[in-house]
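Student: show me how the following folds:
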Amino acid sequence: MKRLYLFLRRIIARIIRFKTSQKMVKKGLPIFEPHTGPVIERIGFLVHSLELLNHYGSVWDLLPENSFDVILQEEPTEQDLNALSQWKCDVVSMNSILDSNTKYQYLVSNHPLSLGDYPLIKRLAETNIRFMYAAGKSGWNLLDWNSLYDLILCFGPYHASVFSDSTAAVTLQMGYPRFDKYFTENIDLPTLLARYDCDPMKQTVVWLPTWKTLSSVGYFDKEISQLADKYNVVVKLHPLMPESEPERVEELRKHAFTHLIVDSSNNLPLYQIADYMLFDYGGPPLAGVYTDKKMILLNVPDADRDDLTGKESPDILIRNDIVNVNAKDGAIECLLTDESNWQKQRDARRAIRKIYFAPYMGFSSIIAANALQNLNNILPERTRR
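Tutor: Next up is the predicted model:
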């Protein structure tokens, strides 16, 4: 029976791949011929921003030394090499791989970066693994380019079901590796608070806005800054906002926050110090659910009609159960002291967490690292292509 099951599963997978390839043709995505040049057997990680080190780092810590390479878009700079120096891996540029007609056997990326006639990840590798890094913004997160992947490491049941239905990729639920230390690390809270200029006698509110059209920056700046009279108020911007939207950042600087962060440093310590968190859209609010934080969701006009979200996007749907406010409400300070709200929300967060995340709090990195070290077993057909 087991052999029959495996045989039928392979047949079904081939049918799905065929249907997927037909969809790719209709949408202008090419079907690829097998690569005949040299193949690098180490795993490659495509890193287009150093912010990704916050997502991959805990998994890299568990991989054998010199078992993977980091592929950057440009030639490595001194800053790049310093940031990557804690891991024993080769750091190479994307062009050096492409120019040598070399491919990796396996490539990990969070999205394809470039599609066109010959998508970048297909030029770089025989087999592609998607490592999800945000659970929101489904209008972007669930696009057809997911069909380019052979394996998708996703957060939990919801995304595993979506990708199983819409792609031929194998899906594996890994939880949320970047937050493992939230559950396992004993922190020195006074020292951590001092890093962000916080008064240890006050509670701490952390605001993590996204960027562009879905950002709450510009809507809630004054209201949130006024909380600093009673709370520590720490703000960390989306890492791409300072360069892409400098005028919004400058307006934000006019307000008196306890601490404003504009770099790509890790968000983890902010979840560790926060008594309350403020989110708008994207990955951070779902990470707040994962880490079980008391949160208020900030609404931006027409967000459910934005191309990056849609009405069924998780960061939209959780507003059915998590308290959310509009800029005109002026309700944030009152909600922070409403204990009945937090009691009700605790049960809501627990229910939402079961939908979107596998229960691997504290050891998700182990799940992901074990998967990457056993790709021959997970994807036996792919490795023989």
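
Student: what are the bridge partners for residue 295, then?
Tutor: residue 277 (DSSP bridges).

Student: for the host helix or strand of residue 139, which outside residues touch it?
Tutor: If you go by DSSP states H and E, residue 139 is part of helix 138-141. Contact with helix 138-141 is made by 132, 134-135, 306-310, 312-314, as judged by C-beta atoms under 8 Å, 6 or more residues apart in numbering. (Each C-beta comes from the backbone N, C-alpha and C, glycine too.)

Student: ditto for stretch 310-317
Tutor: 135-139, 141, 158, 281-282, 285-286, 303-304, 309, 356.

Student: just to revisit the earlier point, drop anything exposed from the contacts of helix 138-141.
Tutor: 132, 134-135, 306, 308-310, 313-314 (16 or more other C-beta atoms under 10 Å).

Student: what is the nearest of these to residue 223?
Tutor: residue 306 (22.2 Å; C-beta to C-beta).

Student: out of the contacts of stretch 310-317, what pair is the most spread apart?
Tutor: 158 and 303 (19.4 Å).

Student: coming back round to it: can I get the contacts of helix 138-141 in TSV including pLDDT and secondary structure?
Tutor: Listed next are those as TSV, based on pLDDT from 0 to 100; DSSP: H, G, I helix; E, B strand; the rest coil:
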residue	pLDDT	secondary structure
132	96	coil
134	92	coil
135	95	coil
306	96	coil
307	95	coil
308	95	coil
309	96	coil
310	95	coil
312	95	coil
313	97	coil
314	97	helix
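
Student: just the CA trace of stretch 141-159, in CSV.
Tutor: Provided in CSV are the C-alpha atoms of stretch 141-159 (Å, rounded to 0.1, in the frame of the first residue of the first chain):
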residue,chain,number,x,y,z
ASN,A,141,3.2,36.9,-1.2
LEU,A,142,1.0,34.4,-3.1
LEU,A,143,1.8,35.5,-6.7
ASP,A,144,2.3,33.0,-9.5
TRP,A,145,6.0,33.2,-9.2
ASN,A,146,5.7,30.7,-6.4
SER,A,147,5.4,28.1,-9.2
LEU,A,148,9.1,28.6,-9.9
TYR,A,149,9.9,26.8,-6.6
ASP,A,150,10.4,23.1,-5.9
LEU,A,151,10.2,23.4,-2.1
ILE,A,152,8.5,26.1,0.0
LEU,A,153,9.5,26.4,3.6
CYS,A,154,6.4,28.1,5.0
PHE,A,155,5.2,29.2,8.5
GLY,A,156,2.3,26.8,9.1
PRO,A,157,-1.0,25.2,8.0
TYR,A,158,-2.6,28.1,6.2
HIS,A,159,0.3,28.7,3.7
